[in-house]
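Engineer: Quick one, what's the 3D model for this:
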Amino acid sequence: MPPRRRTAASGQSTLSFGTQSRVTKPSTAPRLGKNLDKPASGTPEPQDVIVSQPPNPHAAELVVRQQVKPATQEPLLEEDKRALKMSKQDLNRYWKKEEQARLAPRVHQGDLAMEEKILRHFDLSSQYGPCIGIARIKRWRRANKLKLNPPLEVLAVLLKNEEVEERAHMDELLS
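Structural biologist: Next up, the predicted model:
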C-alpha cells in the first residue's frame, strides 16, 4: 500500500482547470463589425497586393550547387570523353530499350523531354545509391567509382545540357 501524503506540509496548491485560468492564443482574424462609412455590396473591394521578393534557395539547393562547381572544373576523364561523343540517336536507342524493359508505359511523363526522362529514371534507380542531398553528376561519379555501372547516357545528358537541374527530382519534391 502506498504511503499517505501530507497535504498541509507540502504547501503546493492544486491545479485548477477552470475558465479563469484559461490561456488562449491571440486571434489575428479580422473583427466583424458594422462599418457605416462604406455601402454594403456583394463584391469585395480590391486590396493592395504586396509583391514579395523571390524566396532564397533552400539549404539543400545551396549544398548541391557547391557539389557541382568542383565537378565541372576537373579535367575530362575517359568516361566524360566517351559521354560527350554520344549522339542524340544513342540516347534515343537507350531510352527505347529502357521503355521496352518496363511492363507498363510511363503515363505521367508524356510532356517531358527525353533527357529529363533519362535523368528521372536514374534518380529513381536505387542501385546507384541515394539521390537526396547530392548532385546528379556527383552521384553518377560515385556509382562509377564503386563499380555499379551507371548508364553512360546519364553522364552524356548531364555534360551536354546546361539547363539540366543539378538536383534530383525526388530531392526537389522532398525539400
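Engineer: how about the helices in this protein?
Structural biologist: 7-10, 59-73, 78-84, 88-101, 114-123, 136-145, 152-160, 169-174 (DSSP state H).
Engineer: Any stretches of this structure with poor pLDDT?
Structural biologist: 5-55, 57-74, 175 (pLDDT under 70).
Engineer: Let me know which of the helices of the chain is tucked in deepest.
Structural biologist: Highest mean neighbour count among the helices of the chain (mean count of other Cβ atoms under 10 Å): helix 152-160, with a mean of 22. C-beta coordinates here come from the backbone N, C-alpha and C atoms, glycine included.
Engineer: residues in contact with that one?
Structural biologist: Helix 152-160 is contacted by residues 79-80, 82-84, 86, 90-91, 94-95, 115, 118-119, 122, 136-137, 140, 164 when judged by Cβ atoms under 8 Å, 6 or more residues apart in numbering.
Engineer: what do you get if the cut-off is 6 Å, keeping everything else the same?
Structural biologist: 83-84, 86, 91, 94, 115, 118-119, 122, 136-137, 140 (Cβ atoms under 6 Å, 6 or more residues apart in numbering).
Engineer: Output that helix in PDB with nothing but the alpha carbons.
Structural biologist: Provided in PDB are the C-alpha atoms of helix 152-160 (Å, rounded to 0.1, in the frame of the first residue of the first chain):
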ATOM      1  CA  LEU A 152      26.900   6.400 -69.600                       C
ATOM      2  CA  GLU A 153      23.900   8.100 -71.300                       C
ATOM      3  CA  VAL A 154      23.100   9.800 -68.000                       C
ATOM      4  CA  LEU A 155      26.500  11.300 -67.900                       C
ATOM      5  CA  ALA A 156      26.100  12.400 -71.500                       C
ATOM      6  CA  VAL A 157      22.900  14.200 -70.700                       C
ATOM      7  CA  LEU A 158      24.400  15.900 -67.600                       C
ATOM      8  CA  LEU A 159      27.500  17.100 -69.500                       C
ATOM      9  CA  LYS A 160      25.900  18.200 -72.700                       C
END
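Engineer: circling back to that earlier point, for the helices of the chain, could you give me JSON lines that also reports distance to M1?
Structural biologist: Output for those, formatted as JSON lines (distance: least, Cβ to Cβ, whole Å):
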{"stretch": "helix 7-10", "distance to M1": "18"}
{"stretch": "helix 59-73", "distance to M1": "58"}
{"stretch": "helix 78-84", "distance to M1": "78"}
{"stretch": "helix 88-101", "distance to M1": "72"}
{"stretch": "helix 114-123", "distance to M1": "64"}
{"stretch": "helix 136-145", "distance to M1": "65"}
{"stretch": "helix 152-160", "distance to M1": "72"}
{"stretch": "helix 169-174", "distance to M1": "55"}
